[in-house]
Every structure is written in C-alpha cells, then in structure tokens.
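Trainee: Structure of the sequence below:
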Amino acid sequence: MRKLVIYLFLLVSISTLAQNANDLFTNSNSLYKEGKYEEAIKLYEQIEDENLVSSEVYYNLANCYYKLNKIAPTIYNYEKALQLNPLNEDAKNNLIIAKRLTLDRIEALPKSVFQRFNENYLQKFTYNTWAIITIVLSFVASILFLLFYFAYTPNKKRTYFTTSIISFLLLIISLTITYTQYNQANNTIEAIIFTQEVSISNEPTDNSNEVFTLHEGTKVNVLDSVDNWKKIKLADGKVGWIKAKNLKEL
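Mentor: Purely as a prediction, here's the structure:
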C-alpha cells in the first residue's frame, strides 16, 4: 500500500511538472509572437531549470536571442537543439545563418570518406536511436532464427536462414555504430565562446604568450582542464588555452 502511494505521488508530480512545462512553453511562444523576447527567454529558461527541455525549447530560445542580436547565446542554443534532435532542420538552417554573424572564419581540416559518411548519415540519429534500432534488429534476428529452426520445408528454411543471417549482420553493424556514437558523444566536449573577444594562450598561465584571438559565437572542442583554464582545439587544428569563464560548454 505504501509503495502504491509513493508511485501515485511520483506520477502526479511528473504530470504536474509536465503540465507546468507545457504552460510555460505556450506562454513563452505567445510572448515571442508579441515581440517580448526578453520575457520569453525568462520563461524558456524556467523550463530549462526544471530539466524539462526539448529541441523545440532550445530552438525557440535561440530565436529569441537572435532577435536580440546576441550571437553567442543564439549559436549555443541552436547547437543544444541539434544535440537533442539532429534532424531538426529549422535549427540546422538557422544555425548556418547565425554563424555568418561571427567574426572568426575557421577552415576545417579535410575529412576522410568515413568521417564525411559518419557526419552526413550516421550522425543523423543519436546513439539512443541507434540503440533502439539495435534492439529491434535483435528481436527480428531471433524470430527469424526460430522460424528457420522450426520450418519444415527446405525453401522456407533457406529463406529464414538467409534473412536471419542478414539481420544478425545488421545487428552487429548497428551495435558498432551505437557504441561508436556513444563514445563520441561522451568523450567529445564542445563549447561556444561567450566573450566578445578573447586571447588564446600557449600555456594555462596569466603570463603566457598569446597565440591567436577568438570572438563570441565560435565553436571549439575542449581537450583538457587545468584549474580555471581550458585547453581548446579549433576545427583547423589550432590548439591553445583559454580561461573557463570565457566559454560555455554544450
């Protein structure tokens, strides 16, 4: 009885939070349409504080910042929207437009055929989606193998055997992709520069030499941390150190 009460309490709490988030989202959208962007941002950020975010919330939040000409928060939130849903075409297209406002023009290093294939096709889905595909394929492969085992006619056995082998091969491929995507997502830390202009040093010390400068909105990879410093890498391969307060990790 006590467990039932706890479950009911949790269910009611979750439902209430979801309802509150929906109300906030609706009110935020109304404020955005009225041109009250700063007020809309406050409501969207309330949803974020309650950990009830979605790709749409970050997308709308980015749109608000774009209307206010705040480059770094705009790009940051479009990137967050794409992290949750890589298939969000509106966020992807708007991100391209927003990046044109940045001052830094960084040419990415040439990518291999596999890297381009991974970026253009495999990364269209998150590792969670690939995990679901893997589970579905495991069920399909198991059922086909059972059908092969219990089939009586040679033609059916041959068909079920062939299709089960194909399913198992696809299962192995999807499992490999899931593992790769998961490792990449957890080992790759990206960040957006939030300071209007910042010097990048060759060492994590205050008296180190400047190697180059960056401007707000530029996306970097975070490689390491030392005290209040972050070691970053650009798409063109340049590496340097920046104080943590000048960027915001995705």
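Trainee: pull the helix or strand with minimum mean pLDDT from the chain.
Mentor: Lowest by mean pLDDT, DSSP states H and E among the helices and strands of the chain is helix 2-33, with a mean of 59.
Trainee: Which residues are in contact with the residue nearest to Tyr37 when sequence neighbours are not counted?
Mentor: Counting by C-beta to C-beta, 6 or more residues apart in numbering, the nearest residue to Tyr37 once its immediate chain neighbours are dropped is Cys64, at 4.4 Å. For the C-beta atoms, the positions are set from N, CA and C on the backbone; glycine is no exception. Contacts for Cys64 (C-beta atoms under 8 Å, 6 or more residues apart in numbering) come out as Tyr32, Tyr37, Glu38, Ala40, Ile41, Tyr44.
Trainee: Kindly recompute the last result at 6 Å.
Mentor: Tyr37, Ala40, Ile41 (C-beta atoms under 6 Å, 6 or more residues apart in numbering).
Trainee: Pull up the gap between Ala244 and Gln184, please.
Mentor: For Ala244, the distance to Gln184 equals 23 Å [C-beta to C-beta, to the nearest Å].
Trainee: Then Asn128?
Mentor: 13 Å.
Trainee: Which positions in the longest helix belonging to the chain come out as buried?
Mentor: In the chain, taking DSSP state H as the definition, the longest helix is helix 154-187. Residues of helix 154-187 classed as buried: Tyr160, Phe161, Thr163, Ser164, Ser167, Phe168, Leu171, Ser174, Leu175, Ile177, Thr178, Gln181 (neighbour count, 16 or more other C-beta atoms under 10 Å).
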